[in-house]
Structures are given as structure tokens and as C-alpha cells.
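Engineer: Need coordinates for the below:
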Amino acid sequence: MKAYVFPGQGAQFVGMGKDLYDASPLAKEMFEKANDILGFRITDLMFGGTDEDLRQTKVTQPAIFLHSVILAATLGDGFNPDMVAGHSLGEFSALVASKALSFDDGLRLVSARAQAMQKACEKEPSTMAAILGLEDAKVEEICKSIEEIVVPANYNSPGQLVISGSMKGIEIACEKLKAAGARRALPLKVGGAFHSPLMEPARIELAEAIHATAINAPVCPIYQNATARRVTDPDQIKRNLIDQLTAPVLWTQIVQHMMADGADNFTEVGPGNVLQGLIAKIGKEVTVSGF
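Structural biologist: So this is what the prediction gives:
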């Protein structure tokens, strides 16, 4: 069975999507429509901006979403998923590609999400760190022992878990996790503590927009970040989308559940190949590729 997966923040690069824009009339039409919806020419920043331009959350998230969704649209009959999933932001790409969300509504939600997250980041300085070479249970145990806010945020693959929290909390956690045997504890260059309780203001703000948006049953099951389980019910999809901002990304569990449900061929759609690498570590017997 074929599973299509969509990347999240961090996969951006200068020049992303330009080949699609130049080669496909459909892609060009969709990119220009996106410029109109957003009220600024995001294509200028994607195709010829700077790394600094693309690191702005209000640009990064729509840019990755557009690259992924437009690429899927240009595949035509070549895009035939039995199931889909997306990593964090990529969940919105998966919902549009599987026809649960319209392109216009998906882009508006992604833009609203980016701005709400940016505001939450500015309200309280916070960060994230990647922990390598330690069992998930040990990372969870140490996070719970710290009085500052620090929680598991991304279960990326066995032995790779990203934590999220206050500046002080992450600093203390990195020291404790290295002492406990972590191979590396790397602070990340991110705007804030994504997928943690510190995103609660963004969750509340985005919830209103999600409730007001029409979501249909997707053409195939989507495995959502907050539960890692297959979902087709629009109301449940909405609840999980709202929870996603403060809940951890259960990527390892998502891939495991997709495999248990029959997925043996995973295709990443969008910029970069990060998910391909993670999936190869989670399920060594599956076929992994990308567009």
C-alpha cells in the first residue's frame, strides 16, 4: 500500500518551487493565487529571497505548504495514496492533498497558524533541542523531573527525540540528558517552543479559525500528529488539528501504525528528504522515495 508523507518546518531552501512554477501552468496558477491570498508575493521570497527571509515563520510555513501541495497537484494521476500523513505543518499539506481541505482554506489556515505561533514565540522566549542516542522513556523521565516547562515535542525516530520548552528548561534538560548518556543534545535554531504548553495562546487563536473552516472526509485515511491513528471523520480531524499545536508530533508512532495497516511504500512530497531518512530508520523493510 502507498503512503504519501509531507514535510514540516525546516525543509525550506532558497529557490524552492521555482522549477514547478516554470514548468507547469497549473503550478504557476496556484502560486499566483497564493500571492493574492497572502497579500504579498511569497514566490519572490521562495524563488529569490535569502535564507533569513525563509526563516521567518510567517514565510516558512506557507512556503513549505505551497511547495508540497502544488507538487502533489502537478502529479495528477501519479498521486494515488492509500494513506497520508504530515510532520507538524505537513499535516495541513496532507489534508489538502487528500481533499479534506481546499487549497484556499488550507493556505489561510497555515498563514493563521504561522502568525499565531509567531505571536506566542514573542510572548515568552523559548526554544527546542534535539536529543540523540537515548531511549524515549529516559528523555520523558528527565523532562518530568525539571521544574521548568520542558516536554517531548517530536518523536522523530528511535533514538531521535526533540524536546521543547523554556530557555532555562532546555538548558537544564540538555545538561541532564547528556549526563544520562545522550550521544548529543543539540539546541535548535527555532523561534520558540513548538508543540509544548507554551503554544497554548496560538492553539486558542487557531482553534477559532479551524472551527470556522469546512473540512471534508479525505479520499483516504490521514494519520494525525496528536494521536498517530488513522482518521477520516472531519470533526475528529478538526479536534486533532487544534490539539497539534501543544501536543507532541508522534512521527515514529505514525509510521509504525501506517506500516501495521499495510503501508510498504512511502513517498515524501515536498522540499527536502528529512522524512525519508526518518522512515528508513523506523521501518527498514519498507520502500522509501521522494518527489
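Engineer: which residues in the stretch 51-200 of the chain form strands?
Structural biologist: Counting by DSSP state E, counting those that start in this stretch, the stretch 51-200 of the chain has strands at residues 83-86, 126-132, 150-157, 160-166, 184-187.
Engineer: which non-adjacent residue is nearest I37?
Structural biologist: Closest residue to I37 in three dimensions, ignoring its sequence neighbours and counting by CB to CB, 6 or more residues apart in numbering: L107, at 5.4 Å. The C-beta positions use only the backbone N, C-alpha and C, and glycine is treated the same way.
Engineer: Quick check: phi and psi on Q12?
Structural biologist: Backbone torsions for Q12, taken as degrees, to the nearest 10, come to phi -70, psi 150.
Engineer: what about the residue lying closest to it once chain neighbours are set aside, neighbour count?
Structural biologist: Once flanking residues are discounted, Q12 sits nearest to L54: 4.6 Å by CB to CB, 6+ apart. Close neighbours of L54, defined as other CB atoms under 10 Å, add up to 19.
Engineer: count of neighbours near the residue nearest to I37?
Structural biologist: 23.
Engineer: looking at the strands of the stretch 51-200 of the chain, which is buried most?
Structural biologist: Mean neighbour count (mean count of other CB atoms under 10 Å) peaks for strand 83-86 among the strands of the stretch 51-200 of the chain, with a mean of 28.
Engineer: hmm, back to that, pLDDT score for the residue nearest to Q12?
Structural biologist: In this model, L54 is scored at 88, pLDDT.
Engineer: quick one, what contacts it?
Structural biologist: 12-14, 16, 45-46, 60, 63 (CB atoms under 8 Å, 6 or more residues apart in numbering).
Engineer: Let's see that with 10 Å instead.
Structural biologist: Shown in contact with L54 (CB atoms under 10 Å, 6 or more residues apart in numbering): 12-16, 42, 45-46, 60, 63-64.
Engineer: okay, now the nearest residue to T127 once chain neighbours are set aside: neighbour count?
Structural biologist: In space, T127 comes closest to I170 once its chain neighbours are excluded; the distance is 5.2 Å by CB to CB, 6+ apart. Neighbour count for I170, taken as other CB under 10 Å: 24.
Engineer: same question, A179
Structural biologist: A179 has 10 neighbours, counted by other CB under 10 Å.
Engineer: Considering the contacts of L54, which possesses the most neighbours?
Structural biologist: Going by other CB under 10 Å, I64 tops those with 32 neighbours.
Engineer: which ones are touching L241?
Structural biologist: 91-92, 95, 101, 109, 113, 206-207, 210, 213, 215, 224-226.
Engineer: what helix or strand is D22 on?
Structural biologist: Assigned by DSSP states H and E, D22 belongs to helix 18-23.
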